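**Student:** Just the structure for this:
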Amino acid sequence: MQAGIVRPAVAKFGERRTLVSGLIFGAVGFAIYGLAPTGTWFAVGIPIMSCWGLYGPAAQGLMTRRVEPSEQGQLQGALTSVQSLTGIVGPMMFAPVFASFITTLSAWQLPGAPFLLASALLVAAILLAWRVTRGAAALAPERA
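**Tutor:** Predicted structure coming up:
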């Protein structure tokens, strides 16, 4: 995705739309994973989920233009710190959701619940990204 599709997508649609599109693909992919009744249906979600890769480079491009050149290292450090924290928080959040939906005491037997939670979180991210990047078009470089 990042090697061949991100650059043309950003050139055609802009970073904001590419970022939001990537998040939408991620949300849809996680929803497919969470609702998949068979492995075949889970596999259907893989190509859709791969398009989530549009998000990262577009987000990075938008963020790097919002800080001064002297602050780029701080931005990259902050991004890495946030990613590390998600590696800690994710298992603490998703494992109990999984456990609560596979127990025999659960009203719903839904082993895909963590994927559905991830999808819901990405929907929230879509709304946040659309709002935060509202003025991003003015920051974009001119197209030739």
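
**Student:** Would you mind listing the buried residues in the helix or strand containing residue 16?
**Tutor:** Using DSSP states H and E, residue 16 sits in helix 6-35. Neighbour-count burial for helix 6-35 flags 6, 9-10, 14-34 (criterion: 16 or more other Cβ atoms under 10 Å). Backbone N, C-alpha and C define where each C-beta goes, glycine included.

**Student:** leaving aside the residues next to it on the chain, what's closest to the most centrally placed residue in the chain?
**Tutor:** With distances taken as Cα atoms, centre = their mean, residue 23 lies nearest the centre of the chain, 4.4 Å away. In space, and not counting its chain neighbours, residue 23 is closest to residue 126: 4.7 Å by Cβ to Cβ, 6 or more residues apart in numbering.

**Student:** Which elements pack onto the helix holding residue 16?
**Tutor:** When contacts are defined as 3 or more Cβ pairs under 8 Å, 6 or more residues apart in numbering; DSSP states H and E, helix 6-35 sits against helix 39-50, helix 55-65, helix 113-132, helix 136-139.

**Student:** hey, which of those helices is tucked in deepest?
**Tutor:** Comparing the helices and strands packed on helix 6-35 by mean neighbour count (mean count of other Cβ atoms under 10 Å), helix 55-65 ranks first with a mean of 19.

**Student:** What angle do helix 6-35 and it make with each other?
**Tutor:** Taking axes from the mean of the first three to the mean of the last three Cα atoms, to 10 degrees, one finds helix 55-65 and helix 6-35 inclined to each other by 130 degrees.

**Student:** what is the rounded mean pLDDT of the helix or strand following helix 55-65?
**Tutor:** Per DSSP H and E, the first helix or strand lying C-terminal to helix 55-65 is helix 72-102. The average pLDDT within helix 72-102 is 95.

**Student:** now the helix holding residue 16 and helix 113-132, what's the angle there?
**Tutor:** Orientation check (the same axes, to 10 degrees): helix 6-35 against helix 113-132 gives 140 degrees.
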